[in-house]
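**Student:** got a sequence here, can you build the structure:
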Amino acid sequence: MRVVVVYKQATDYARRVDEFLEDFKRQTGRELETLDPDTREGSGFAQTYDVVEYPTIIAISDDGQIQNQWKGLPLPTLSEVSYYV
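**Tutor:** Presented below is the predicted three-dimensional model:
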């Protein structure tokens, strides 16, 4: 299972996402993968999974299927996301 957070750093919501990522790491001991949709890798990922709203958090199974997806604000709870990690 893979959980990816797709967001842009230079935005008004970036601080909330960064705080979410820090809290997640502190409470679970695990880090979430992040991608910027303005990079080559992030753009390809966003296109593959039809991400058009930011921030988006996607839980993906090992075979590439979306298990859950949270779009925009408010962000999901830490426990909702930790279920997929």
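**Student:** can you give me the strands in this protein?
**Tutor:** Secondary structure of the chain by DSSP state E: the strands cover 2-6, 33-35, 56-60, 66-71.
**Student:** tell me which of those strands sits most buried.
**Tutor:** When these are scored by mean count of other Cβ atoms under 10 Å, the highest mean neighbour count falls to strand 56-60 (a mean of 21). In short, each C-beta sits where N, CA and C put it, glycine included.
**Student:** may I have that strand exported as PDB, CA atoms only?
**Tutor:** Listed in PDB are the C-alpha atoms of strand 56-60, where the atom choice follows Å, rounded to 0.1, in the frame of the first residue of the first chain:
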ATOM      1  CA  THR A  56      -5.100  15.400  -2.700                       C
ATOM      2  CA  ILE A  57      -4.200  12.400  -0.600                       C
ATOM      3  CA  ILE A  58      -4.500   9.000  -2.400                       C
ATOM      4  CA  ALA A  59      -4.200   5.500  -0.900                       C
ATOM      5  CA  ILE A  60      -3.100   3.100  -3.600                       C
END
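**Student:** could you give me the average pLDDT of that strand?
**Tutor:** Mean pLDDT, computed over strand 56-60, is 98.
**Student:** what packs against it?
**Tutor:** Helices and strands in packing contact with strand 56-60 are listed as strand 2-6, strand 66-71; criterion 3 or more Cβ pairs under 8 Å, 6 or more residues apart in numbering; DSSP states H and E.
**Student:** and those: which comes nearest P55?
**Tutor:** P55 lies closest, by Cβ to Cβ, to one member of the helices and strands packed on strand 56-60: strand 2-6, at 6.3 Å.
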